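# how does the following fold in three dimensions:
(2 chains)
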There are 2 protein chains.
Amino acid sequence: MSYIPEPIEKLVRELNGLPGLGVKTAYRIAFYIADSADIKADNFSVALKQVKERIKICKTCFGYSLDDDCRICSDISRDKKSLCVVERPQDIFVMERGGFKGSYHVLHGVISPLDGVGPSDIKLKELFERLDSCEVTELVIALNPSVEGDATTMYIAKHIAGRDIRVSRLARGVPAGASIDYIDDTTLCRAIEERQDVSC
Amino acid sequence: MSYIPEPIEKLVRELNGLPGLGVKTAYRIAFYIADSADIKADNFSVALKQVKERIKICKTCFGYSLDDDCRICSDISRDKKSLCVVERPQDIFVMERGGFKGSYHVLHGVISPLDGVGPSDIKLKELFERLDSCEVTELVIALNPSVEGDATTMYIAKHIAGRDIRVSRLARGVPAGASIDYIDDTTLCRAIEERQDVSC
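From the prediction side, this is the model:
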């Protein structure tokens, strides 16, 4: 029999379902909420509600937006000829940190036969229609380096082969600051295969 | 200029204030909420609200409760002669994991002159009143092993010195499974000072 009050256990169950949150942190947070002023829980509820009520999907890139068109798609200073393909809306902001200056297209998934996700289940048709209707000269495919990510990258590359569009994907290798002692074998093999010439 | 929609940034700010949650996890959770069904955010809001609305402070031990008296205080099978003093309500559930079978008293803080917390700012008066009115024979002080925790432990011990109550605190030393190579010096010094005889 647990002596922990049910509302705290319930909040822990909700918290424990969130990505990156283990059960210990969930308990710490639930007790913190129980201990804090009412305004804290209220602000939290309002913030949660607004995320669900105000966030839309941009009808051009399928990223998150407050309007029909997101701020990147409606920003005339962005390079419209360079299009970056990502899996999830949040990957856009990762690419922004990397300094990408073009436009985006969110697939909302990757091809994964094992999970029953085929090409028609993600925004690939919309990507190809977009490539037909605008002047994209480079497609940067920034999917995760997994079997599914690679399969989706190849699917896109094959589909637009022969067109005057440069297709690239993110470089793979040893991350900055890493010690090669601790790098996994797959990364190390790729870093060796795709080794780069050093000119001096 | 950040392209991340404001409601997501707002939720990140709320999440980032929680204990044990860094900014990266806060972003992962905020995007997860944006991506999940409405019901997820609703359940979350309800769970948060219920914690604030339904949780009370037990009028005997000052722990969390759904009623005036908590389930531990109203459980007649618990040992009422053994009283454990803890700093925060959540510490009760930590002690439960450790197998403590007695009753509790939550101080809601420790004496900390640097933070302006004196003996009258925490539930010490209530503790001493409780010791006067019931038959406690052992007081287990389970405060964190910090300067403030130790000062509070000494304050309590001095206050009830001369009474027929055994006062103890949690044993200190090397935690189970730890490698002594990695133990901090304070813990190691204490473990040596308070070394225990091995009988065979």
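# for chain A, name the helix or strand with the lowest mean pLDDT.
Lowest mean confidence among the helices and strands of chain A (mean pLDDT, DSSP states H and E): helix A:185-193, at a mean of 80.
# what's the nearest residue to residue A:168 if we skip its chain neighbours?
residue A:140 (5.4 Å; Cβ to Cβ, 6 or more residues apart in numbering or on different chains). No exception for glycine: its C-beta is placed from N, CA and C like everyone else's.
# so the one you found makes contact with residue A:165?
No: with contact defined as Cβ atoms under 8 Å, residue A:140 does not count as touching residue A:165 (10.8 Å).
# doesn't residue A:137 make contact with residue A:167?
No: using Cβ under 8 Å as the test, residue A:167 is too far from residue A:137 to be in contact (10.7 Å).
# more neighbours: the two, which one.
Remark: of residue A:167 and residue A:137, residue A:167 carries more neighbours, 17 against 13, as counted by other Cβ atoms under 10 Å in any protein chain shown.
# what packs against whichever strand or helix holds the more buried one?
In this assignment (DSSP states H and E), residue A:167 forms part of strand A:166-169. Contacts defined by 3 or more Cβ pairs under 8 Å, 6 or more residues apart in numbering or on different chains; DSSP states H and E place strand A:166-169 against strand A:138-141, helix A:147-159.
# could you look over the ones you listed and pick the most buried one?
strand A:138-141 (a mean of 19; mean count of other Cβ atoms under 10 Å in any protein chain shown).
# avg pLDDT for it?
Averaging pLDDT along strand A:138-141 gives 91.
# please tell me the pLDDT value assigned to the residue most central in space within chain A.
The centroid of chain A falls nearest to residue A:91 when counting by Cα atoms, centre = their mean (2.9 Å). pLDDT recorded at residue A:91 is 89.
# how far away is residue A:78 from chain B?
According to Cβ to the nearest Cβ, to the nearest Å, residue A:78 and chain B sit 10 Å apart.
# nope, residue A:112 is what I meant
With Cβ to the nearest Cβ as the criterion, residue A:112 and chain B are 17 Å apart.
# please name the nearest non-neighbouring residue to that residue.
residue A:148 (4.4 Å).
# tell me which residues touch that neighbour, please.
Contact analysis of residue A:148 by Cβ atoms under 8 Å, 6 or more residues apart in numbering or on different chains lists A:110-112, A:117.
# can you report how many residues lie near the closest residue to residue A:67 other than its chain neighbours?
Nearest non-adjacent residue to residue A:67, counting by Cβ to Cβ, 6+ apart: residue A:56, 7.1 Å away. When neighbours are defined as other Cβ under 10 Å, residue A:56 has 15 of them.
# and if you look at the one 3 residues further on?
A count of neighbours around residue A:59, defined by other Cβ under 10 Å, yields 13.
# spatially nearest residue to it (excluding sequence neighbours)?
Closest to residue A:59 by Cβ to Cβ, 6+ apart is residue A:68, at 5.4 Å.
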